[in-house]
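A.B. asks: quick one, fold the following:
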Amino acid sequence: FNEDVKLKDPKEEILITPSPGKVIKYTAKRNKITIEAENPWLDSTTYSITFRDGIQDITEGNPAENLRLAFSTGESIDSLQINGKVNNVFSETIPDKITVALYQSDTFNIFNHSPTYFTKSNKKGNFSIQNLKAGDYYVYAFEDKNKNLKVESKTEKFGYISAPINLPGNTDSLNI
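C.D. replies: Okay, the predicted model is just below:
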């Protein structure tokens, strides 16, 4: 960075997809951020890091706006994306920081398996997941109160799109 920075709740605010594992070490030293994952980065995989409010300037605590980084361990960076909105059908409130998750297999269980890709909705309920590979995806949105990337059926609300989406395809206005 061009100035000294600090971390703010990096485990909550910095999203890495696909996940390199549950144990990730974040270190800030002057104008550099280091991210060390417990597992090695997978071969021929595009990773996306969304920093949200996790990195701030050290003087005033201003977050870096729309800071995102994508890199690939292969020859190219995947460039497909989905966008949409999360709504709460039982109230007029817009849900904030709802986890929007993509699963690639039809044999997954949202109560037991973590998603391949995920993001969180913003204060307006909007979300975007970028740097995706072509293929079929199952889309879910859920409150992740305990931050384990799994749905707790008795305590967390969830919704989904009933049919899988196929990328590339028209995925600019998903509504969950």
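A.B. asks: contacts and neighbour counts: CA atoms only from here.
C.D. replies: Will do.
A.B. asks: quick one: contacts of the helix or strand containing residue 28?
C.D. replies: For residue 28, the host element (DSSP states H and E) is strand 24-29. Residues outside strand 24-29 that contact it (Cα atoms under 8 Å, 6 or more residues apart in numbering): 4, 5, 6, 7, 10, 11, 33, 34, 35, 36, 37, 38.
A.B. asks: go again using 10 Å as the cut-off
C.D. replies: Strand 24-29 is touched from outside by 4-7, 9-11, 14, 16, 33-39, 55, with contacts defined as Cα atoms under 10 Å, 6 or more residues apart in numbering.
A.B. asks: identify the bridge partners of the residue nearest to the spatial centre of the chain.
C.D. replies: With distances taken as Cα atoms, centre = their mean, residue 119 lies nearest the centre of the chain, 2.4 Å away. Under DSSP bridges, the beta-bridge partners of residue 119 are residue 100.
A.B. asks: wait, what's in contact with it?
C.D. replies: 14-17, 50, 97-102, 127-130, 141.
A.B. asks: contacts for the following helix or strand past the strand holding residue 28, please.
C.D. replies: Counting by DSSP H and E, the element after strand 24-29 in chain order, helix or strand, is strand 32-37. Strand 32-37 is contacted by residues 1-7, 19-28, 55 when judged by Cα under 10 Å, 6+ apart.
A.B. asks: strand 32-37 pairs with which strands, and in what direction?
C.D. replies: strand 24-29 (antiparallel).
A.B. asks: run the chain-centre distance for the strand it pairs with.
C.D. replies: 19 Å (Cα atoms, centre = their mean, to the nearest Å).
A.B. asks: buried sites along that strand?
C.D. replies: For strand 24-29, burial by neighbour count (16 or more other Cα atoms under 10 Å) applies to residue 24.
A.B. asks: hey, C-alpha coordinates of that strand in PDB?
C.D. replies: The C-alpha trace of strand 24-29 is given here as PDB (Å, rounded to 0.1, in the frame of the first residue of the first chain):
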ATOM      1  CA  ILE A  24      -5.500 -18.300   8.000                       C
ATOM      2  CA  LYS A  25      -2.900 -15.900   9.600                       C
ATOM      3  CA  TYR A  26      -3.100 -12.200   8.700                       C
ATOM      4  CA  THR A  27      -0.200  -9.900   9.500                       C
ATOM      5  CA  ALA A  28       0.100  -6.100   9.000                       C
ATOM      6  CA  LYS A  29       3.500  -4.500   9.000                       C
END
